[in-house]
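Q: model the structure of this input:
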Amino acid sequence: RILCLVALFWGSNVTNNLAFAYNISIPLHTMFRSLSLASSMLLGVVLVGKRYNVLQVLSVVLITLGVFLATYAASSADTHKAQDGAA
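A: Model (predicted):
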């Protein structure tokens, strides 16, 4: 079981780093990486049969939502700065 989790963790990190070869933006990459909490929780349920209480699930949802909102706000501010600078 542990080797499977280690392999999944390693694969996740390798694919996250390979994503930069496709010239995606840092904010988009950050958004996808923030899903690692939710995916880890899902894999824990599916592979290991782990159970999470409502507070743990709510915490992951709020953290993921917060990262998405912060990344979107920063990306939006950068876009407005670039547009103002080009004018």
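Q: list the contacts for the most centrally placed residue in the chain?
A: Per Cα atoms, centre = their mean, the C-alpha nearest to the average position across the chain is that of Ser34, at 1.9 Å. By Cβ atoms under 8 Å, 6 or more residues apart in numbering, Ser34 lies in contact with Ile63, Thr64, Val67, Phe68, Thr71. For glycine as for every other residue, the C-beta is placed from the backbone atoms N, C-alpha and C.
Q: need those in CSV (columns: secondary structure).
A: Compiled in CSV, these are given as follows (DSSP: H, G, I helix; E, B strand; the rest coil):
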residue, secondary structure
Ile63, helix
Thr64, helix
Val67, helix
Phe68, helix
Thr71, helix
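Q: can I get the buried part of these as one ChimeraX selection?
A: To isolate the buried members of the contacts of Ser34 in ChimeraX, using 16 or more other Cβ atoms under 10 Å:
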select :64,67,71
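Q: farthest-apart pair in the contacts of Ser34, please.
A: Spanning the widest gap among those are Ile63 and Thr71, at 12.4 Å by Cβ to Cβ.
Q: picking that back up, for the residue nearest to the centre of the chain, grab phi and psi.
A: phi -70, psi -20 (degrees, to the nearest 10).
Q: quick check, pLDDT for it.
A: Predicted confidence (pLDDT) for Ser34: 76.
Q: show me the helices in the protein, by range?
A: Taking DSSP state H as the test, the helices found in the chain are 2-18, 26-34, 36-43, 54-86.
Q: how far off centre is the third one?
A: I take that to be helix 36-43. 10 Å (Cα atoms, centre = their mean, to the nearest Å).
Q: output it in PDB with nothing but the alpha carbons.
A: The C-alpha trace of helix 36-43 is given here as PDB (Å, rounded to 0.1, in the frame of the first residue of the first chain):
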ATOM      1  CA  SER A  36      -3.700  17.900  -4.900                       C
ATOM      2  CA  LEU A  37      -5.500  18.000  -1.500                       C
ATOM      3  CA  ALA A  38      -8.800  17.000  -3.000                       C
ATOM      4  CA  SER A  39      -7.200  14.300  -5.100                       C
ATOM      5  CA  SER A  40      -5.200  12.900  -2.200                       C
ATOM      6  CA  MET A  41      -8.400  12.700  -0.200                       C
ATOM      7  CA  LEU A  42     -10.200  11.000  -3.000                       C
ATOM      8  CA  LEU A  43      -7.400   8.500  -3.500                       C
END
